[in-house]
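Undergrad: Here is a sequence with its predicted model. Questions after.
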Amino acid sequence: MTNEERSNGSWSGQLGFLLAAAGSSIGLGNIWRFPYMTGMNGGGAFVLIYLLVVLLIGVPLMMAEIALGRAAGSNPVKAFSRMAPAKSSRTAALSGLILGGGILLLIFNNPAGAVILFLLAVLFATLGWKTVGLFCGIVPVILLSYYGVIGGWTLIYIFDSIRGANGFTTIEGAEKVMGPILHATEGRGPAVVAAQLIFMALCLGISISGVRKGVERWCKMLMPLLFLLMCVLIVRGLTLPGAEKGLRFFLQPDFSKLSTGTVIAAVGQALFTLSLGMGIMLTYGCYLDRSANIAKAAVGVIALDTFAAVMAGVAIFPAVFAMGFSESGGPDLTFKVLPAAFNLVPGGLGILWNVIFFLILMIAAVTSAVSLLEPPVSILEGECGMSRRNAVVLVTLVCSVLGIFCALSMADWNQLPGAGKLIKSIWYGTAPGSFFETLDGFCCNWILPLLGLVTALYTGWVWGSRYALMELREGGKGALDNNIWLIISGFDAEDGGMDRRYLFTPGILWGAALRWIVPILLLLAFFNCIGLIRF
Ligand code: PHE
């Protein structure tokens, strides 16, 4: 894609990019997942570990994805073949390695897993690095199909709250009302599907108008609204008597709960919430102007994302604890416990707090869902010559159909015993019961770390960190090449009068992180997830 082709396909500037990328990263991961993970994993202690992981993996990887996208100026498939030849002796060696992995799996009695690796080896041998780009086109479709179902739930909650159907004040009451929605049973199936389709239609409406006129314009309006609404809930929560108990639960460090498992959980959370390892930041990066400062943009997105996650916790826990739901962490927190707590808030405005909260959740979900459309759409545009309009319609359609399966018929693999067994054998028996959770586990535990790993390796070793650093320097001169101590003390390299070649600079640290730290940590996280090693 050349600059002219991009007309409506580029951000208006660094702010446009920042808000769109923040829109992508701030999602259910921040508002639903982060608060309960923090509550369950040692509060402030988890936040510290999480911040460390974000610094070691999140920042370098996000900079790499954006740089890769901007340097290639094109969709993920091209990005993974433009910076270095798609096929080389290295890719041939890698295919051999994957083939070897397949043979090992066959020996260790996992034929289904072996077949997958064999197919991957053939794909890699024929397409080379383009395979990675192809995955960036496919995985977001899978993720969006179940993300859309959750988006649909938020719509139902808002609608039900307004019509007064969500007046419950106990967990049992919540179970009765919410259970049928979450499981699409007791006649709520059609509503769940309809809501999911409406949610997908919203995404289509935003995305179809283009990157600048659609995605950016909506994110520019919705993201400030999201932060504003969150402030309202925070003030409400903190002014409740007993609120401090919630804050303590959320943020007080409990180092006894820390384990290697916590670190792994933090790695998964960081990748998911920052929308990394899926080519999204890569695609967003290709719409970014050369004058933009990538390092600054990446740090800005990550800061906004972390801020939103902490805000969500501060909005949620004080209300939950003040209303006496102390034991109730876990995934049910936002969909069952919180609405019940809001209904108990004195003043009888439960409906209002619930509507505000689920509006926040919906906004966060829509802007993230829209970003999931972008990699497949850009690939269809660039590789198949489709118009944006047709590409957006096609991708939304596929996600919607897959999503219906998620919401309904295959809610439980046990209904399809043969398929269930096959799926379990592929995932080493770690796959949970439902189709929905299988897709979730597949994306978050397998694909995100793997694609993140490959992106880091590709940028660090194949493209080469020195060339990638050159891309970062475009629009980003200054801090990257300064000695860290000089930056901290407020000097410039020239003031120090030292030879810059021997300086300890952020640019150098970034290269080292990309080549070594990120791959090693992601590999460990991946091996742990699939059960090859247990910490
Ligand atoms: N980052 C989003 C969230 O926190 C989810 C997401 C993951 C979106 C991957 C796009 C890609 O919910």
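TA: Structure's in. What do you need? Residues are numbered from 1 along each chain as shown.

Undergrad: mind listing the helices for the stretch 51-200 of the chain?
TA: For the stretch 51-200 of the chain, the helices defined by DSSP state H, counting those that start in this stretch cover 59-72, 76-82, 89-107, 111-127, 130-162, 171-183, 189-207.

Undergrad: Residues contacting the following helix or strand past the last one, please?
TA: The first helix or strand that comes after helix 189-207 along the chain, using DSSP states H and E, is helix 217-238. The set of residues external to helix 217-238 that reach it, using C-beta atoms under 8 Å, 6 or more residues apart in numbering, is 15-16, 19-20, 22-23, 26, 206, 209, 243, 246-247, 308, 311-312, 314-319, 322, 345, 353, 356-357, 359-360, 363-364, 366-367, 370. (Each C-beta comes from the backbone N, C-alpha and C, glycine too.)

Undergrad: Helix 217-238 near the ligand anywhere?
TA: No - judged by C-beta under 6 Å from any ligand atom, helix 217-238 and the ligand are separated, with a smallest distance of 12.4 Å.

Undergrad: what about that helix, average pLDDT?
TA: Average pLDDT, helix 217-238: 92.

Undergrad: Tell me the residues of the stretch 101-250 of the chain that contact the ligand?
TA: So far as C-beta under 6 Å from any ligand atom goes, the stretch 101-250 of the chain lies against the ligand at L143.

Undergrad: Show me what residue of the stretch 101-250 of the chain gets nearest to the ligand.
TA: Taking C-beta to the nearest ligand atom as the measure, the stretch 101-250 of the chain has L143 as its residue closest to the ligand, at 5.9 Å.

Undergrad: which SS state does the residue nearest to that residue when sequence neighbours are not counted fall under?
TA: Residue nearest to L143 in three dimensions, not counting chain neighbours: C443, with 4.8 Å by C-beta to C-beta, 6 or more residues apart in numbering. Put simply, C443 is helix when judged by DSSP: H, G, I helix; E, B strand; the rest coil.

Undergrad: ok now do C443, which residues does it touch?
TA: Residues counted as contacts of C443 (C-beta under 8 Å, 6+ apart) are V139, I142, L143.

Undergrad: Just the strands from the stretch 351-500 of the chain, written as ranges.
TA: Ranges of strands in the stretch 351-500 of the chain, per DSSP state E, counting those that start in this stretch: none exist.

Undergrad: quick one: the longest helix belonging to the chain to helix 189-207, angle?
TA: For the chain, the longest helix by residue count, based on DSSP state H, is helix 350-384. Between the axis of helix 350-384 and that of helix 189-207 there is an angle of 60 degrees, by axes from the mean of the first three to the mean of the last three C-alpha atoms, to 10 degrees.

Undergrad: residues touching the residue of the stretch 351-500 of the chain found nearest the ligand, list them.
TA: When scored by C-beta to the nearest ligand atom, the stretch 351-500 of the chain has S368 as its residue closest to the ligand, at 4.1 Å. Each residue near S368 by C-beta under 8 Å, 6+ apart is listed here: G23, S24, S25, I26, G27, L28, G29, Y147, S275.

Undergrad: Show the pLDDT at it.
TA: At S368, the model reports a pLDDT of 97.

Undergrad: Let the chain start at 144 from now.
TA: I'll keep to 144 as the first residue from here, and by that count the last item is S511.

Undergrad: and D448, what element?
TA: For D448, the host element (DSSP H and E) is helix 437-465.

Undergrad: is that helix up against the ligand anywhere?
TA: No - using C-beta under 6 Å from any ligand atom, helix 437-465 stays clear of the ligand, coming no nearer than 7.5 Å.

Undergrad: any idea which helix or strand comes after that helix?
TA: Next helix or strand after helix 437-465 toward the C-terminus (DSSP H and E): helix 475.

Undergrad: same for that next one, what does it pack against?
TA: Applying 3 or more C-beta pairs under 8 Å, 6 or more residues apart in numbering; DSSP states H and E, we find helix 475 packed against no helix or strand.

Undergrad: Work out the gap between that helix and the centre of the chain.
TA: How far helix 475 lies from its chain's middle: 20 Å, per C-alpha atoms, centre = their mean, to the nearest Å.

Undergrad: and what of stretch 529-541?
TA: Taking the mean of its C-alpha atoms, stretch 529-541 sits 22 Å from the chain's own mean (C-alpha atoms, centre = their mean).

Undergrad: what pLDDT, on average, does that stretch get?
TA: Stretch 529-541 comes out at a mean pLDDT of 97.

Undergrad: Which positions in that stretch come out as buried?
TA: Burial within stretch 529-541, assessed by neighbour count using 16 or more other C-beta atoms under 10 Å, is assigned to M529, R531, A534, V535, V536, V538, T539.

Undergrad: now do stretch 276-288
TA: G276, L277, F278, C279, G280, V282, P283, V284, I285, L286, L287, S288.

Undergrad: so the fourth one makes contact with G595?
TA: Think C279. No - in this structure C279 lies outside contact range of G595 using C-beta atoms under 8 Å: 11.3 Å.

Undergrad: Only alpha carbons, please: show stretch 357-377 as CSV.
TA: Extracted in CSV, the C-alpha atoms of stretch 357-377 (Å, rounded to 0.1, in the frame of the first residue of the first chain):
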residue,chain,number,x,y,z
GLY,A,357,-14.5,5.5,11.3
VAL,A,358,-12.2,3.9,13.8
GLU,A,359,-10.3,7.1,14.8
ARG,A,360,-13.4,9.3,14.9
TRP,A,361,-15.3,7.0,17.1
CYS,A,362,-12.4,6.3,19.4
LYS,A,363,-11.8,10.0,19.8
MET,A,364,-15.3,10.4,21.1
LEU,A,365,-15.7,7.1,23.0
MET,A,366,-12.4,6.9,24.9
PRO,A,367,-12.8,10.3,26.8
LEU,A,368,-16.4,9.3,27.5
LEU,A,369,-15.2,6.0,28.9
PHE,A,370,-12.8,7.7,31.3
LEU,A,371,-15.4,10.2,32.3
LEU,A,372,-18.0,7.5,33.2
MET,A,373,-15.3,5.7,35.1
CYS,A,374,-14.7,8.8,37.2
VAL,A,375,-18.4,8.9,38.1
LEU,A,376,-18.3,5.4,39.3
ILE,A,377,-15.1,5.9,41.2
